[in-house]
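Enquirer: Here is my input, please return the structure:
(chains A and B)
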Amino acid sequence: MELSFDLLINAVIAGILLGGFYTAVTLGVSISFGILDIVNIAHPAFIILGSYIAYIVNTRLGIDPIAVSILMLPVFYLLGAGVYQVYYESFERRGQESLRGLSFFFGLLFVTEVMLILVFGVDYRYVEAPYIGPSWRLGVMDFPLRMLVPCIAALTLFAALELYLSYTFIGRAIKAVAQDQLALRLMGASPVRIKRIAFGISIATASVAGALLIIIQPVEPSVGREYIGRVFAICVLGGLGSLPGTVIGAMLLGILESFTATFYGPSWAPAVAFGVLLLTLAFRPAGLLGR
Amino acid sequence: MIPRWKGLTLANSLTIEKIDAAYGAVRVLENVSLNVNTGETVVLLGTNGNGKSTLMKCVMGIVRPRAGRIVVEIDGERHDLIGRSTEQIVDLGIALVPEGRRLFPRLSVEENLLLGAFRRKARTALRANLDFCFECFPRLAERRAQLAGSMSGGEQQMLALARALMLSPRILLIDEPSVGLAPVLVSRTIDKIKELKDQYKLTVLMAEQNFPQALRIADRGYVIVHGQIAFEGRSADELNNNELIRKFYLGL
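Expert: The predicted structure follows:
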């Protein structure tokens, strides 16, 4: 009995820590897909790009991967803004965004992946940081720092984004842009500019998520694909357009996966995301905190 | 004590000259000219489908007119509006309360109001304007945390009006405030516009199909029929006493 209680509580902790990391991975998609209605399935590719940048700078200069990712925020922001501009000119402006836009992002996913393979090969890469390895112990509870640090970083990122969306003029306009573009123009804000900023921010989060990913596990160019399903499942579970919903959804999925891995075997864990997605769509399509 | 509405002492006027507009091959406005002078409330009267909303959209740069000029004077400075984007026109200080209100339904009342202050010049006056709106529309203060989409039609119209006031507009356009409202709410909305106009000398152009209500607040007005100005009433009396208006629109 004693043993299974330990197991249970550590499964919950591992789940929450994993959920924290999932939060970082999903926040960007929560903005692009949830708020802007742009189905950016290439988001995981940008995350992997972030991982590789953290890897290069970390191995060459020994800078902490999270610090690297923060320094890279403006670069990723500009990259995102540029991608949106191309997407807007080519698809959204002509009203062809639904299917052709999807294939655009699919293409972007492959191009990024292949580019990384050509440059770095398919070997697994990893970073070094003082918090990879040690664990904090609190009684029976075990907090591996490799998971705890990303979880805290992700929640900080969430808090910063939520404050930005709620308390700045641009942030509020981002929340409004998918609801009524003409009304937004009548407030003096250009919807294209607002969406460009929002998409830039969404891609900027991939920089941080990428660094967190390579802290948690070694990375090769195609691991991003493992996250596509999870990311969209979390978005739908949490409720489209709600960042707090995303955190709750990510935590729930993290805990469910951790339980499945602990009590039924790790090979079942990936099935959880799709199970959750199907159940959400069947019973609560608006998600937990959805619009 | 309602705080003072600032800065409306300078000249703010709107002049529309010989506007033509069409949707594809369908002509909607033909040779329409009208003007609104500083501090005036001018009504544009007409039943559905005569081009009132299109005229409003031309002023706001949402519809491009095929010919004609639209010139505004804002705080004594003249600006030609043709060719400017909606955002630029709003930035000059022209606000439209659109037909159907166009609120952000899934944002709170307060967030809707704060979005009204997006315009750079309105941001500095945000606090004063917000206090002003809450004083003016106490209902909105009570419901500031509620989602805009969950309010009643009358409350939504008040919010749409308040949101436009948050822009610190120099010229206010109001498109059919009565649409979709119960008669008692129509009259309450009109009362509110009258109150704003009397106290703060707003320069207002209002399109309306409810003639009796619109005539209560009009300084002057135009009747638009099939995209053309059919009659210009140079005073409220002229509008009220015109035979055609009495016969066809007021049913007297």
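Enquirer: contacts and neighbour counts: CA atoms only from here.
Expert: Will do.
Enquirer: My read is that B:Arg143 contacts B:Glu111, right?
Expert: No: proximity of B:Arg143 to B:Glu111 does not meet the contact threshold set by CA atoms under 8 Å, at 11.5 Å.
Enquirer: helix, strand or coil for the closest residue to chain B within the stretch 51-200 of chain A?
Expert: Closest approach between the stretch 51-200 of chain A and chain B, counting by CA to the nearest CA: A:Gly188, at 4.2 Å. Per DSSP: H, G, I helix; E, B strand; the rest coil, the local secondary structure of A:Gly188 is coil.
Enquirer: what sits against it?
Expert: B:86-91, B:118-119 (CA atoms under 8 Å, 6 or more residues apart in numbering or on different chains).
Enquirer: Give the closest residue to it in space, chain neighbours not counted.
Expert: Excluding its sequence neighbours, the residue lying closest to A:Gly188 (CA to CA, 6 or more residues apart in numbering or on different chains) is B:Glu87, at 4.2 Å.
Enquirer: what comes into contact with the helix or strand hosting the one you found?
Expert: Assigned by DSSP states H and E, B:Glu87 falls within helix B:86-92. Residues outside helix B:86-92 that contact it (CA under 8 Å, 6+ apart) are A:185-190, B:60-62, B:74, B:81, B:119-121.
Enquirer: swap in stretch B:122-142?
Expert: Residues from elsewhere that reach stretch B:122-142 (CA under 8 Å, 6+ apart): B:2-3, B:5, B:109, B:113-114, B:117, B:155, B:158-159, B:162, B:165-168.
Enquirer: Stretch A:254-268 now?
Expert: A:7-8, A:11-20, A:22, A:269-270, A:272-273.
Enquirer: one more time with 6 Å, if that's ok
Expert: Stretch A:254-268 has contacts (CA atoms under 6 Å, 6 or more residues apart in numbering or on different chains) with A:11-12, A:15-16, A:18-19, A:269.
Enquirer: got it, and stretch A:126-135?
Expert: A:55, A:143-146, A:214, A:218.
Enquirer: Let's see that with 8 Å instead.
Expert: Contacts with stretch A:126-135, where a contact means CA under 8 Å, 6+ apart, come from A:54-55, A:58-59, A:62, A:64-65, A:142-146, A:149, A:214-215, A:217-219.
Enquirer: quick one on the thing from earlier: tell me which helix or strand comes right after the helix holding B:Glu87.
Expert: strand B:94-97.
Enquirer: so does the next helix or strand after that next one get close to chain A?
Expert: Where DSSP H and E defines the elements, the next helix or strand beyond strand B:94-97 is helix B:109-116. Yes: judged by CA under 8 Å from any CA of the partner chain, helix B:109-116 comes into contact with chain A through B:111, B:114-116.
Enquirer: now the nearest residue to A:Phe46 once chain neighbours are set aside, what's its secondary structure?
Expert: Once flanking residues are discounted, A:Phe46 sits nearest to A:Ala206: 5.8 Å by CA to CA, 6+ apart. The assignment at A:Ala206 comes out as helix when based on three-state DSSP.
Enquirer: So, low pLDDT: which residues of the chain?
Expert: Answering for chain A, as no chain was given. Scanning chain A for pLDDT under 70 picks out A:1-3, A:97, A:291.
Enquirer: look at chain B instead
Expert: B:1-9, B:252.
Enquirer: okay, now the domains of chain B?
Expert: B:13-93+B:170-249, B:104-168 (automatic domain parsing).
Enquirer: Redo the ones you listed as JSON lines? Include distance to A:Ala176.
Expert: Formatted as JSON lines, the domains of chain B follow (distance: least, CA to CA, whole Å):
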{"stretch": "domain B:13-93+B:170-249", "distance to A:Ala176": "15"}
{"stretch": "domain B:104-168", "distance to A:Ala176": "6"}
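Enquirer: Between those domains, which one is closest to A:Gly171.
Expert: domain B:104-168 (9.8 Å; CA to CA).
Enquirer: Enumerate the residues of chain B near chain A.
Expert: Near chain A, the residues belonging to chain B are B:86-91, B:95-96, B:102-107, B:111, B:114-119, B:164, B:167 when assessed by CA under 8 Å from any CA.
Enquirer: what about the helices in the chain?
Expert: Looking at chain A here, since you left the chain open. A:2-29, A:43-61, A:65-71, A:73-90, A:102-120, A:145-167, A:169-177, A:181-186, A:191-216, A:225-238, A:243-263, A:269-283 (DSSP state H).
Enquirer: wrong one, chain B
Expert: B:52-59, B:86-92, B:109-116, B:120-123, B:126-136, B:138-142, B:153-165, B:183-200, B:211-217, B:236-241, B:243-244.
Enquirer: related to what we said a few turns ago, could you single out the most deeply buried of the helices of chain A?
Expert: Highest mean neighbour count of the helices of chain A: helix A:191-216, a mean of 26 (counted as mean count of other CA atoms under 10 Å in any protein chain shown).
Enquirer: counting contacts, what elements does that one pack onto?
Expert: Applying 3 or more CA pairs under 8 Å, 6 or more residues apart in numbering or on different chains; DSSP states H and E, one finds that helix A:191-216 contacts helix A:2-29, helix A:43-61, helix A:65-71, helix A:73-90, helix A:145-167, helix A:169-177, helix A:181-186.
Enquirer: Minimum distance to A:Gly224: which of those helices has it?
Expert: Of all those, helix A:43-61 sits nearest to A:Gly224, with 4.8 Å by CA to CA.
Enquirer: Give me the angle between that closest one and helix A:225-238.
Expert: When axes from the mean of the first three to the mean of the last three CA atoms, to 10 degrees is applied, the directions of helix A:43-61 and helix A:225-238 differ by 120 degrees.
Enquirer: Could you check how far helix A:43-61 is from the centre of its chain?
Expert: On the basis of CA atoms, centre = their mean, to the nearest Å, helix A:43-61 sits 15 Å off its chain's mean C-alpha point.
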